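Asks: Here is a sequence with its predicted model. Questions after.
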Amino acid sequence: MATDTLFVIGLMMVVSLTWALLALPRLRKRLPKIYLIARSWWLMLAALCACYVIAKITDNSQPSQPPTYPYQWMLIAFFVLIGLRGSYEIKRLWCLRNKAVLINKLQARGLQANTQPFSKTPNHSTQAYTRLNLLDLVFSFAFIALIVSLIALQQLIWQREQYGVLFFVLFSSQFNDIAQYLCGQLLGRKLFKRGLAPTISPNKSIEGAIFGSMLAALLATLLGIWLTPFSWWICLLAAYGLAVSGIAGDLLESAFKRQHGVKDTGTMLAGHGGVLDRVDSLLIGVPLFTLFYWLLG
């Protein structure tokens, strides 16, 4: 059995077991937010893995020809749906009336703090949309580049038959989120008095960024050695680059949200927020990795 298939099976087993344990009445009562996060993770990974498995189905009807993948469009459709949902969340923040509805929904769920935007947006009832500035345009361009890069990366991976590269890229960034949080909780403000970016994201610490990115790079390197054909030092460089760029992407999205005065871009993914809140660490790293993968492949 291929290593990427083993990874998909093992991943879904671990996430399913975690969700099942957190669903126990005692744990669910004590850790309600963690339960919601695990449930959202299961749903996201189930959709991704299902599309991935279907996309890998080969057509061997002509033995003399190389196998083809007639269901690749499933994975492309998955990325397109992410793009459409993320675009909707961006547009909702540009529209004052829709943004007000979102803020009310976040406040009703206890998810909205009194976040002050960088620049005050006119709030007249006669004005339907905010005036777009450079940050809006940069963030929108980064998100579009992410979706295009994911589709292009998938096509390159299928052409080169290096399927595990996709999971290596995606999970390098996710490892970074978890490692930053853990290192920030353990070491935050112990070595440096100020935060990483106190104006944009007050909860992020320099310790979490430094040690979290290192830990994430090591974990992702082990995953890359198993899933990809790359040597260990290429995996390490790529993993560390994805970790550092993940921090930059996270701060970019935090600045975008703070400018619009919201804590989350949506409520679709319980415990996470919106789609943009989940893919922020991919915004910069995936396009850069796709470019280098295309040039060096």
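Replies: Looks like it arrived, so ask away.

Asks: which regions of the stretch 51-200 of the chain lie under the pLDDT threshold?
Replies: The model of the stretch 51-200 of the chain has pLDDT under 70 over residues 113-127.

Asks: And the closest residue to residue 197 other than its chain neighbours, how close does it get to residue 17?
Replies: Leaving aside its chain neighbours, residue 197 sits nearest to residue 251 (5.5 Å; criterion: CB to CB, 6 or more residues apart in numbering). Where you see a C-beta, it was placed from the backbone N, CA and C, and this is true even at glycine. Per CB to CB, to the nearest Å, residue 251 is found 33 Å from residue 17.

Asks: do residue 245 as well
Replies: Separation of residue 245 from residue 17 (CB to CB) stands at 31 Å.

Asks: Neighbour count: these two, which is higher?
Replies: Using other CB atoms under 10 Å as the criterion, residue 245 and residue 17 rank with residue 245 on top: 23 against 11.

Asks: For the more buried one, give me its contacts.
Replies: 284-285, 288 (CB atoms under 8 Å, 6 or more residues apart in numbering).

Asks: could you redo the last one with a cut-off of 6 Å?
Replies: For residue 245, the contact set (CB atoms under 6 Å, 6 or more residues apart in numbering) comprises 284-285.

Asks: Just confirm it is within a helix.
Replies: Yes - counting by DSSP: H, G, I helix; E, B strand; the rest coil, residue 245 falls inside a helix.

Asks: where does it land on pLDDT?
Replies: Looking at residue 245, its pLDDT reads 95.

Asks: any idea where the helices of the stretch 151-297 of the chain begin and end?
Replies: 164-187, 206-227, 232-260, 275-279, 285-296 (DSSP state H, counting those that start in this stretch).

Asks: Is the residue of the chain most remote from its centre in a helix, a strand, or coil?
Replies: In the chain, residue 64 marks the outermost C-alpha relative to the chain mean, sitting 40.4 Å out by CA atoms, centre = their mean. What three-state DSSP gives for residue 64 is coil.

Asks: picking that back up, between the helices of the stretch 151-297 of the chain, which one is closest to residue 134.
Replies: helix 232-260 (10.5 Å; CB to CB).

Asks: For the closest one, buried residues please.
Replies: 235-236, 238-247, 249-260 (16 or more other CB atoms under 10 Å).

Asks: Figure out which of the helices of the stretch 151-297 of the chain is closest to residue 155.
Replies: Closest approach to residue 155 among the helices of the stretch 151-297 of the chain is made by helix 285-296 (9.9 Å; CB to CB).

Asks: got a list of contacts for that closest one?
Replies: 145-146, 149, 152-153, 169, 173, 242, 245-246.

Asks: Neighbour-wise, which one of those residues leads?
Replies: Among the contacts of helix 285-296, the one with the most neighbours (other CB under 10 Å) is residue 242, at 30 neighbours.

Asks: right, and it touches residue 172 too?
Replies: Yes - Residue 242 lies in contact with residue 172 (CB atoms under 6 Å); the separation is 4.1 Å.

Asks: what separates the residue nearest to residue 197 from residue 267, distance-wise?
Replies: Distance of residue 251 to residue 267, computed by CB to CB: 22 Å.
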